[in-house]
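Asks: Here is the input, now give the coordinates:
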Amino acid sequence: MTPWTRIPLLVAALAVVPPATAAQPRDGQAFDDWSVRCEVPKGRLEEHCFIFQNLTITGTGERLMHAAAGYLTTDGKLAVTVTLPLGISLPPGIRLAVDGRELARFAFERCDQTGCFGAVALEDPLSTALTSGKEAQVKFMDGNRKEIVVPMSLRGFRGGFDA
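Replies: Numbers count the residues shown, from 1 in each chain. Reported below is the predicted structural model:
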């Protein structure tokens, strides 16, 4: 059999091979400044993955903020969550800006031993800004009602989110 007579066989073999599916993200996989976390939520059977970034205080290594994006709420909708340290002023809530443009304001939902937590739906224009922006800013008030602005890199957000 010559190489040219094998071509129809090769084409026929390729026709029965199923197309490749997108690879699922792996727990711990890094996308620049964002990482993947996969877990089975309480009361669920299937694994859910989300992307996150922890920001720490230079010098002490203490966690200042945890931000995550994915299917993180019980209603099954895409959301961005932010966890900030205890001792902050809760009534002003959280403000989220991307590249200097404020896009979301949301309330704290609860506080526990890990910090105070709030979430906002990940819908346009916020989702478009996060996937195409360079830097987000998380704004909140400390215990003395002084504004704190925490810059957060968006390098890798799009790749992690798309995965």
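Asks: Only C-alpha atoms from now on, for both contacts and neighbour counts.
Replies: Will do.
Asks: Please enumerate the helices of the chain.
Replies: In the chain, the helices defined using DSSP state H lie at 3-16, 126-132, 157-162.
Asks: among those helices, where is the model least confident on average?
Replies: Lowest mean pLDDT within the helices of the chain: helix 3-16, a mean of 33.
Asks: Can you tell me the closest non-neighbouring residue to the residue most central in space within the chain?
Replies: The centroid of the chain falls nearest to Ala69 when counting by Cα atoms, centre = their mean (2.7 Å). Nearest residue to Ala69 in three dimensions, chain neighbours excluded: Val80, at 4.4 Å (Cα to Cα, 6 or more residues apart in numbering).
Asks: same deal with Leu55?
Replies: Spatial nearest neighbour of Leu55, chain neighbours left out: Met65 (5.2 Å); criterion: Cα to Cα, 6+ apart.
Asks: That neighbour and Phe52, how far apart?
Replies: Using Cα to Cα, to the nearest Å, we find Met65 at a distance of 10 Å from Phe52.
Asks: So for these two, which sits in the more crowded spot?
Replies: For Met65 versus Phe52, neighbours defined as other Cα atoms under 10 Å are more numerous around Phe52 (23 against 20).
Asks: what sits against the more buried one?
Replies: Trp34, Ser35, Val36, Arg37, His66, Ala67, Ala68, Ala69 (Cα atoms under 8 Å, 6 or more residues apart in numbering).
Asks: please redo it, this time with the cut-off set to 6 Å
Replies: Phe52 makes contacts with Trp34, Ser35, Ala67, Ala68, as judged by Cα atoms under 6 Å, 6 or more residues apart in numbering.
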